[in-house]
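S.K.: Model the following, please.
(2 chains)
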Amino acid sequence: MHKNKTNKVLDSKLDSVSIALKRSIKNLDSYTHVRGESLYVDDINIRQGTFHAVVFDSPKAHGKIKRIDYSKAEALEGVERIFTYKDIPGENEIGGIIPDEPLFAEDEVHFWGMPIALIVAESEFIARKARQLIAIEIEELPVITTAKEAKAKGNFINAPRSFSLGDTEKAFQDCKYVFEGETFSNGQEHLYIEAQGAYAEPLENGNIKITSSTQGPTSVQKTIAHVLGIAMHKIEVDVTRLGGGFGGKEDQATPWAVMAALATYHLNQSVKLILNRHDDLRMTGKRHPYESTYKIGLSKDLKILAYQTEFLQNSGAAADLSPAIAERTLFHATNSYYVPNVTTKVISCKTNLPPNTAFRGFGGPQGMFVIESAIAKAAHEIGVSTRQIQEVNLLDENDTFSYGQIAKKVEAKNTWNSAKNIFNSEALEQDVKDFNKNNKAFKKGLAFMPITFGISFTNTPMNHARALVHIYLDGSIGISTAAVEMGQGVNTKMMQIAADVFSVSIEKIKIESTNTTRVANTSPSAASSTADLNGKATLMACNSLLERLKTVASQDLNVSESSICLKDECVYVNDKKSELLWTALISSAMLKRVALSENAHYATPEIHFDKTKEKGHPFAYHVYGTAITTTTIDCIRGTYEFDYVKIVHDYGKSMSEGIDLGQVEGALIQGIGWMTMEEIAYNKDGKLLSNALSTYKIPDIFSVPKIVEVIPVETEGNDMAILKSKAVGEPPLMYGIGAYFALQNAIKAFNSKYELEFHAPMTPEKVLMSLYKK
Amino acid sequence: MTTFILNNKIIKTPEHSGITLLDFVRYQQRLTGTKIGCREGDCGACTVLVGTLTNDTMKYQSITSCISPLGNSHGKHIVTVEGTNLKNKLTIAQEAMKANYATQCGFCTPGFVVALTGFALSNSENNYSNAIDAISGNICRCTGYKAIEKAAHQVVKKLESQEKNSFKWLIENEFIPEYFKNIPQRLKDIDVKDLNQPKGKYVSGGTDLYVQQADHLADNDVYLIAEKHYLKGITIENKTCTIGTNATVSDLWNHTELNSILPNLRQHLKLVSSEHIRNMASIGGNLVNASPIGDMTIFFLALNSNITITNEDQKERTILLKNFYQDYKKFDLKTGELIKNIHFKLPNKCSFFNFEKVCKRTHLDIASVNSAIHISIEKETILEAHISIGGVSAIPKYLHKTSDFLIGKPLTLETILEANKMLQKEITPISDVRGKSDYKRLLARQLFFAHFMELFPNNFTLNDFVKHA
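M.R.: So this is what the prediction gives:
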């Protein structure tokens, strides 16, 4: 009976999801996407005489440049000029957080793929040919590729950070069980299908316009100004859209834009620089690999009393965003669990890899992997299921995070229990047990993965955005914000907000490109916050315009303002349709000389964080959820499939179920990729071995779970989220961590001698070796 | 002059036939819907359709334009995403992608749309599995594919009442634009002559050459052989199968008789790259690529195939494939020589064939280890055995000793365990990006066992091997 009831619950939930999907607004960019008419950097019409550029980069990971001979390359027909650090009029410095990264190497190279020069030629083909003709001599210096080596040699990016709550040392003494261990999680290549690129055009008076595939237009603008030694207002950055970003274009879209601008500055000609895939893979940073140690202490009833961990972050050769990423690792080190005594420490280690950078989750996933490993280890040693430990430690209302924020409107237990009930997890677990009893050549494993993810830039001053809304005199609307569209559907969400406020059809609204001359001094589109920040600003701007229009309408119709509302492109008075149409209302406003443009500024209220105390309230709110993942391993071949991932996710009140589901599914698969097949490999000389799509594999259509079910948890939503629709970009990535532990459980079912190792990704190689390890 | 129809437009171009079709459509024709993702056939963002006219009917196949020489378009109809667009509405494939939220950043989307349109145009049976195969060469980093699966379902559903491969039906039902109906006649009318080609590097499908040396080929003479009829075709006569060097992997896939002789053929070939690549990749190309891990090479080694080699004077010689490979990327082919065909004796009632491949990602990936076996059994005794294995040696390896050892032995667990010891001595795996050497050794053993578990499931189980190995 119980089982039937649950199935019914699931069916009706799935029905309502599919109804919501059908009703929900489609991604409004999809019309041009499917016709191949959307314009990315490499698609925009270029000016006559445009030059094309290719980057010459270091063929060694560490060393002193003894000699470079450009003469043959310069002599090649069609080569216009080769630029090096010597051609930089301002500062040869592009570091965002710490000024430790030159645009072009001067005397030393610090990673394989470090830019040294820019070859500008009539075609990309000629520039590539010229690159082959450059001779370089490097006196090699010792190469460090791992965080551990860097730590041993004292190579750090900055001072370590540490959070603490309670008294960890004392608490360990009260624990019945204490376990220690090590974990490793590898990096991850973003693999946006559109590679990095920029197009620079000279304007009059030495001004330059850049079209860049960047998540951070302001940072591109600021860095170009800095490198060229000119004022920011001389640089206009425009972003049409991105063919994927995932964090990889937050900071690392900048150098290419700067190089194109530098060449344009000197040549007074347009210059296009689009990286080819191999160059992109070799020259850009990735998700940070982490080597970590943990110590976990539990009471006899499995309560985690104390948790201590040290994260070694492999930051690469320069800071990039590493310090901020390291910080977020600490924020999420205890994931969805309340632990009263916590000491966490993160060390950003300087190595000779390309500077590692933002990637969806921004250090959070690396932190969560460690505590999930610690719990898995404890469960294995104690002889209970991991789920039991996870369950009794879930975060509750008013619990304190290690950084001092008090947890409010917590949905950790709600999503967990909902997942158990809706999906009937007992039956799922029983199915796995039965299967394993009856099969030798195939084994199944199941894992729960709860997530808790904080929303806001953890650097409080970055939590702001602006929107510029124009109503044109024909009643059409143009909206500019700081939001960069990269597939997450933010354009659609902005349109929805305006359409909702003015009650006009979507066709009346256009979302403009993201441009620094229309919306200035912006934060990057990142931290899952883009829709919240820019949506709130758009909402404010639209509301101000609405108020003005109501005044106009009340004058025209001679009624009170409070009786007026707009509905379906018409003015309603006391809910009755008047003869005043939207277009007439706008004409009237024009005649009355009412401003039909509005610029609004939004800054997230309430949040703060004191880095000297490492305490505060850094997040506007948290996103919660629980995933159940089941895998089947082929024990002959070591290959595996995922039978299903069943998720209860906290969307708040989703403003577009279709777009938000797409974010959950996409993030989940990226997370699974990180945990399973995506394996970054450098050799000991610091050369990238996984340097092409033939050697770095991301999930394809056959490797995704057969079933992905995502059920929204019913919540009140949160006023800090735009229209109570919670941020959804990053959090679901961490459901993918469940894949690792599901695989581990399946291996355990085959090989009782298997000693748990926490070394991600769990490739078919590791699976097979673990299956047959004696 | 390379002459072809690009979407709705006749192209006559003096452009070097060795540049990629991708560069031509994007930068010379400004059809920017065809995207650049990887330039090695591994992402599908540049997918286009190639329509070939045979006997008055058009046959369309998807390819990745990044590793296809422009000259291979000669006499064809090339369709980019723009060429599928209707005037003011979406096609069925486009609408399916939109309605199911199957597009996010949009960069991979045209590739999926083109591939799904290609599926509607193709001869393959209308079912979901074939629709997915049609987009197996398309990578999406945003959606996680679940929405794309829904889109594929929607396309399959819309095709349910289709009269097979009918332009009329597809045009009426908004799968393709109107101009398609005149394409066969227009192709006939453009009067395509053989390309006048200089001497240069032989290129067939180009799927490997253009990954390795696209710039070089764009800058030097190439001699395209993909359309040479004497190098094409699959024939089965006198219990021997002969496959022309230009036959593609898809030609094998589509060959009815071969599929009945090797009933698991499609299952095996599905492990070989993606449909887009299978549509281009030639068997001969795979053989002379000489990759120690070449899937088709391993496949044909176990069939104990012969290859016939021809030189510029049309003189022919035939050698066993297993004697063709000498050392890493070294093989018995002189300048001016070309593999003409490959031929092998068909498996019979008492002989069994199996192919195994394991890689990081099951599909569209290069193997860590692959292996094939062809074994004849009579009265539980092994009469003949040919075993090949890739990824564990400098060459695609025919296991001479292991194969010989098995002959005359009873088909028992002991025999197989003993043979594995032999196999382990014959292989010399190295550690690289596809796996450490000890993994490859273990995997070689597992795949060797897997052959027997697959072919004789009643005789052998994993338990038997695990207990004794």
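S.K.: what sits up against stretch B:438-456?
M.R.: By CB atoms under 8 Å, 6 or more residues apart in numbering or on different chains, the list of residues contacting stretch B:438-456 from outside reads A:441, A:636-638, A:765, A:768-769, A:772, B:352, B:354, B:356, B:358, B:368-371, B:373, B:375, B:387, B:389, B:391-392, B:411, B:416, B:419-420, B:423-424, B:427, B:429, B:434-435, B:459-462, B:465, B:469. C-betas here are computed from N, CA, C, even on glycine.
S.K.: Give me the three-state assignment for B:T335.
M.R.: The three-state label for B:T335, taken from DSSP: H, G, I helix; E, B strand; the rest coil, comes out as coil.
S.K.: and whatever residue of the stretch 451-600 of chain A ends up closest to chain B, helix, strand or coil?
M.R.: Of the residues in the stretch 451-600 of chain A, the one nearest chain B is A:G487, at a distance of 3.0 Å by CB to the nearest CB. For A:G487, the reduced secondary structure class is coil; criterion used: three-state DSSP.
S.K.: do the same with the one 5 residues further on
M.R.: State at A:T492, reduced to three classes by three-state DSSP: helix.
S.K.: And the contacts of stretch B:438-456, which of them are buried?
M.R.: Neighbour-count burial within the contacts of stretch B:438-456 applies to A:441, A:636-638, A:765, A:768-769, A:772, B:352, B:354, B:356, B:358, B:368-371, B:373, B:375, B:387, B:389, B:391-392, B:411, B:416, B:419-420, B:423-424, B:427, B:429, B:434-435, B:460, B:462, B:465; the criterion is 16 or more other CB atoms under 10 Å in any protein chain shown.
S.K.: Mind checking which of those residues are in strands?
M.R.: Those of these mapping onto strands are B:352, B:354, B:356, B:358, B:369-371, B:373, B:375, B:387, B:389, per DSSP state E.
S.K.: For the residue of the stretch 451-600 of chain A closest to chain B, which non-adjacent residue is closest in space?
M.R.: Once flanking residues are discounted, A:G487 sits nearest to B:C105: 3.0 Å by CB to CB, 6 or more residues apart in numbering or on different chains.
S.K.: and what of A:L546?
M.R.: A:V501 (5.6 Å).
S.K.: Tell me if that neighbour really is in a helix.
M.R.: Yes. Judged by three-state DSSP, A:V501 forms part of a helix.
S.K.: give me the number of residues near it?
M.R.: 19 (other CB atoms under 10 Å in any protein chain shown).
S.K.: for it, what are its contacts?
M.R.: With the criterion set at CB under 8 Å, 6+ apart, A:V501 makes contact with A:539, A:542-543, A:546.
S.K.: Kindly report the same for A:V178.
M.R.: Applying CB under 8 Å, 6+ apart to A:V178 gives the contacts A:172, A:295-298.
S.K.: ok, now with 6 Å
M.R.: Applying CB atoms under 6 Å, 6 or more residues apart in numbering or on different chains to A:V178 gives the contacts A:172, A:297.
S.K.: Just the pLDDT for the residue of the stretch 151-300 of chain B found nearest chain A.
M.R.: When CB to the nearest CB is the measure, the stretch 151-300 of chain B has its nearest residue to chain A at B:D215, with 6.2 Å between them. Model confidence at B:D215, expressed as pLDDT, equals 94.
S.K.: and the gap between the residue of the stretch 451-600 of chain A closest to chain B and A:I659?
M.R.: Using CB to CB, to the nearest Å, we find A:G487 at a distance of 10 Å from A:I659.
S.K.: Quick check: B:N8 touching B:P177?
M.R.: No. With contact defined as CB atoms under 6 Å, B:N8 does not count as touching B:P177 (7.8 Å).
S.K.: Return the member of the contacts of A:V501 nearest to A:V370.
M.R.: For the contacts of A:V501, the residue nearest A:V370 by CB to CB is A:L539; the value is 38.5 Å.
S.K.: Now for the closest residue to the closest one other than its chain neighbours, how many residues are close by?
M.R.: The shortest distance from A:L539 to any residue other than its chain neighbours is 5.3 Å, reached at A:I497 (CB to CB, 6+ apart). A:I497 has 27 neighbours, counted by other CB under 10 Å.
S.K.: Any residue of stretch B:82-92 touching chain A?
M.R.: Yes. Taking CB under 6 Å from any CB of the partner chain as the criterion, stretch B:82-92 and chain A are in contact, through B:82, B:85.
S.K.: May I see the buried residues of that stretch?
M.R.: Residues of stretch B:82-92 classed as buried under the neighbour-count rule (16+ other CB under 10 Å) are B:82-86, B:90-92.
S.K.: residue contacts, residue 293?
M.R.: Looking at chain A here, since you left the chain open. Counting by CB under 6 Å, 6+ apart, A:T293 makes contact with A:182, A:310.
S.K.: look at chain B instead
M.R.: Going by CB under 6 Å, 6+ apart, B:I293 touches B:366-367, B:390-391.
S.K.: Spatially, which residue comes closest to B:A93, not counting chain neighbours?
M.R.: Nearest-residue entry for B:A93: B:L116, 4.0 Å, with adjacent residues in sequence omitted and distances by CB to CB, 6+ apart.
S.K.: repeat for B:G18
M.R.: In space, B:G18 comes closest to B:V222 once its chain neighbours are excluded; the distance is 3.9 Å by CB to CB, 6+ apart.
S.K.: Would you check how far apart the closest residue to chain A within the stretch 301-450 of chain B and A:M677 are?
M.R.: Proximity to chain A, evaluated over the stretch 301-450 of chain B using CB to the nearest CB, is greatest for B:R361 at 4.1 Å. Using CB to CB, we find B:R361 at a distance of 5 Å from A:M677.
S.K.: Show me the common contact partners of the two, please.
M.R.: Between them, B:R361 and A:M677 share the contacting residues A:K697, judged by CB under 6 Å, 6+ apart.
S.K.: Between these two, which has more neighbouring residues?
M.R.: Looking at B:R361 and A:M677 with other CB under 10 Å, you find the greater number of neighbours at A:M677, namely 23 against 20.
S.K.: Quick one: classify that one as helix, strand or coil.
M.R.: When the structure is reduced to helix, strand and coil (three-state DSSP), A:M677 reads as coil.
S.K.: mind listing what it touches?
M.R.: By CB under 6 Å, 6+ apart, the contact set of A:M677 is A:697, B:360-361.
S.K.: and if we set it to 8 Å?
M.R.: Listed by CB under 8 Å, 6+ apart, the contact partners of A:M677 are A:697-699, A:703, A:761, A:763-764, B:360-361.
S.K.: Just give me how far stretch B:204-216 sits from the chain centre.
M.R.: Mean-position distance between stretch B:204-216 and its chain equals 15 Å (CA atoms, centre = their mean, to the nearest Å).
S.K.: Lovely, talk soon.
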